[in-house]
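Trainee: Following is a predicted model, sequence given first.
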2 protein chains.
Amino acid sequence: MSDERRKFKRESAESRKEALILATLELVAENGVRGATVRGIAERADVTQGLIRHYFSSKEELITAAYEHHMTFMTDQTFAPASAVQGTALERLTAFVTASLTPPVVDPRAIALWASFLNKVQQDPHMKATHERTYAYFRDQLEALITAALNEAGRPAPPARLRQLAIACNALIDGLWLEGGALPDAFAPGELAEIGRQSVAAMTGLNLKQGAETS
Amino acid sequence: MSDERRKFKRESAESRKEALILATLELVAENGVRGATVRGIAERADVTQGLIRHYFSSKEELITAAYEHHMTFMTDQTFAPASAVQGTALERLTAFVTASLTPPVVDPRAIALWASFLNKVQQDPHMKATHERTYAYFRDQLEALITAALNEAGRPAPPARLRQLAIACNALIDGLWLEGGALPDAFAPGELAEIGRQSVAAMTGLNLKQGAETS
DNA sequence: AGAGAAATTATACACTTGAATAATTACTGG
DNA sequence: CCAGTAATTATTCAAGTGTATAATTTCTCT
């Protein structure tokens, strides 16, 4: 009887990379970027530390890749639901606000990651560019939806007003996102999204009500 | 002529502690908690690293003291202006919103500190208690001001509504605070506060306008 | 089945970190 | 003025860090 226990299994580059990135995100969320050590990440991904250098030329590169991965995930989770809605601009705005204030976007881990990455984002030009692009995209989408919904309602507004409205609604969503992630037990399911819709409604004068979602 | 160059100067325990705390906050804002090394802090405070242990029994204790110091500063800067106002509840609410969205509360460094401390705050029970107390105090004050201002205007609201309003206004302020600190050049001086007052006005139905401030 | 190549592990290294201890220095009280 | 004491510096230490390199192991291809 030969020894059937293999010491390790070869995986595709893609799945290994992803496993390493996911382990990295876990540890960054728990202990910050500096607290996410190469050894810790390797252990979490069930490999030895040498393998990390085989797929990423440095820890810096792994961190950057993990950040990119996370930002893509968050963006997708936020925009997919709103894009799926085929109805009026008002309905799309409502879906957008709702998606932004519902798990998995609202999540303690997402807050932790956001905070952990902040320092590095502000120092590394590449990460900074990624961050600002994502942020601008979010706000521009919001402003476009508000503009369209107001036009649709026959209540167009001047650009300066639209800018202010977008800034305020964006801030409101950010703040609720933060509160929901920081104090997960302080809000009933759906409560944050409801508050978000009502508040955006109050600020814009539009009537955001949660309608039936088309699958 | 004797040698007048002293190798160091003895300082009072208080001033040395504060110097160490300020140096700690600088480095925590720049490099995060783990990036704020004992040696770096000592260098920034112009002492040798051994001295830190003379005043703080561990780095942990120094970090905690620095966090406490920062939170006290932020709370004072936020509440002092509103407390100074002797007028109506509406005026006090206006002053509160304005102070929350004006330097030095709005400040890139404050954001960086908030993010840097978040991990540790969530793990250390003592720091977590400090954080939650500060947060609850802020929101309760806001809810009380909104309640008083609505009563004053002859438009009282039920508790559930007041809670939602406080959550939303708090989130708005948090979000604007975040945006202003993260993108300091994106807003004209006073613009954030103006947006904040207008948005709180829209959500509450109150008329917040910046009045003359009594000295 | 077996050699070649790539994936993975194993080991080593130079450096940083927080902490501990020993050695100086400056101030204070008589 | 000068001892005593506390503040401050100087040095040391063990553990942890990212990175580099060497040694294995698994898989593929014919």
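Mentor: Ah, there it is. Computed from a predicted model, the values in this text were never measured in an experiment.
Trainee: So what does A:Leu208 have for phi and psi?
Mentor: The phi/psi pair for A:Leu208 (degrees, to the nearest 10) reads phi -80, psi 110.
Trainee: ok, and for stretch A:198-206, which residues are buried?
Mentor: By 16 or more other Cβ atoms under 10 Å in any protein chain shown, the buried positions in stretch A:198-206 come out as A:198-204, A:206. Any C-beta I mention is one placed from the backbone N, CA and C, and that applies to glycine too.
Trainee: gap between whichever residue of chain A sits closest to DNA strand C and A:Arg39?
Mentor: Nearest residue of chain A to DNA strand C: A:Gly50, at 2.7 Å (Cβ to the nearest atom of the strand). When Cβ to Cβ, to the nearest Å is the yardstick, A:Gly50 and A:Arg39 sit 11 Å from each other.
Trainee: for A:Ala129, helix, strand, or coil?
Mentor: helix (DSSP: H, G, I helix; E, B strand; the rest coil).
Trainee: any idea how far it is from B:Phe187?
Mentor: Distance from A:Ala129 to B:Phe187, by Cβ to Cβ: 21 Å.
Trainee: same check, this time on A:Lys9
Mentor: Distance from A:Lys9 to B:Phe187, by Cβ to Cβ: 53 Å.
Trainee: And those two? Which one has more around it.
Mentor: B:Phe187 (18 against 5; other Cβ atoms under 10 Å in any protein chain shown).
Trainee: pLDDT score for the closest residue in space to that one that isn't next to it in sequence?
Mentor: Residue nearest to B:Phe187 in three dimensions, not counting chain neighbours: B:Gly180, with 5.8 Å by Cβ to Cβ, 6 or more residues apart in numbering or on different chains. What the model reports for B:Gly180 is a pLDDT of 95.
Trainee: dump the residue contacts of B:Gly180.
Mentor: Going by Cβ atoms under 8 Å, 6 or more residues apart in numbering or on different chains, B:Gly180 touches B:101, B:106, B:187, B:192.
Trainee: what's the helix or strand for it?
Mentor: helix B:159-182 (DSSP states H and E).
Trainee: and the host helix or strand of A:Phe73, does that touch DNA strand D?
Mentor: Taking DSSP H and E as the criterion, A:Phe73 maps to helix A:59-84. Yes: using Cβ under 7 Å from any atom of the strand, helix A:59-84 comes into contact with DNA strand D via A:59-60.
Trainee: How far away from the center of its chain is that helix?
Mentor: Centroid separation for helix A:59-84 versus its chain: 6 Å, with Cα atoms, centre = their mean, to the nearest Å.
Trainee: Summarise which helices and strands it is packed against.
Mentor: Under the contact criterion of 3 or more Cβ pairs under 8 Å, 6 or more residues apart in numbering or on different chains; DSSP states H and E, helix A:59-84 touches helix A:13-35, helix A:49-55, helix A:89-100, helix A:108-123, helix A:125-152.
Trainee: change it to 10 Å
Mentor: helix A:13-35, helix A:38-44, helix A:49-55, helix A:89-100, helix A:108-123, helix A:125-152 (3 or more Cβ pairs under 10 Å, 6 or more residues apart in numbering or on different chains; DSSP states H and E).
Trainee: Tell me how far A:Glu26 lies from A:Leu178.
Mentor: In terms of Cβ to Cβ, A:Glu26 sits 21 Å off from A:Leu178.
Trainee: no no, A:Arg161
Mentor: Taken as Cβ to Cβ, the span from A:Arg161 to A:Leu178 is 26 Å.
Trainee: Those two: who's more crowded?
Mentor: Just comparing A:Arg161 and A:Leu178: by other Cβ under 10 Å the higher neighbour count belongs to A:Leu178, 20 against 13.
Trainee: from memory the more buried one sits against A:Trp114, does it?
Mentor: Yes: the pair A:Leu178 / A:Trp114 is scored as a contact, 8.6 Å apart, by Cβ atoms under 10 Å.
Trainee: which residue packs closest to A:Ile173, ignoring adjacent ones?
Mentor: Using Cβ to Cβ, 6+ apart, the nearest residue to A:Ile173 is A:Ser100, at 5.0 Å.
Trainee: what's the answer for A:Leu206, then?
Mentor: Here the residue nearest A:Leu206, using Cβ to Cβ, 6+ apart, is A:Ala149, at 5.5 Å.
Trainee: Help me confirm that that neighbour comes into contact with A:Gly87.
Mentor: No: A:Ala149 lies out of contact with A:Gly87 (Cβ under 10 Å); the separation is 11.2 Å.
Trainee: Now the common contact residues for these two.
Mentor: Counting by Cβ atoms under 10 Å, 6 or more residues apart in numbering or on different chains, the shared contacts of A:Ala149 and A:Gly87 are A:Thr94.
Trainee: The two: which has the busier surroundings?
Mentor: Taking neighbours as other Cβ under 10 Å, A:Ala149 and A:Gly87 compare with A:Ala149 leading, 22 against 13.
Trainee: can you tell me which residues contact A:Gly50?
Mentor: Per Cβ under 10 Å, 6+ apart, neighbours of A:Gly50: A:38, A:42.
Trainee: make it 8 Å
Mentor: Here A:Gly50 is in contact with no residues (criterion: Cβ under 8 Å, 6+ apart).
Trainee: swap in A:Leu176?
Mentor: A:Leu176 makes contact with A:101, A:192, A:195-196, B:167-168, B:171, B:175, according to Cβ under 8 Å, 6+ apart.
Trainee: any idea which residue sits dead centre in chain A?
Mentor: Nearest residue to the geometric centre of chain A (Cα atoms, centre = their mean): A:Met74, 2.5 Å.
Trainee: Surely that one is in contact with A:Val105?
Mentor: Yes: at 6.5 Å, A:Met74 and A:Val105 qualify as touching, with contact defined as Cβ atoms under 8 Å.
Trainee: In chain A, where is pLDDT below threshold?
Mentor: Applying pLDDT under 70 to chain A picks out residues A:1-4, A:211-215.
Trainee: again, 50 this time
Mentor: A:1-3, A:212-215 (pLDDT under 50).
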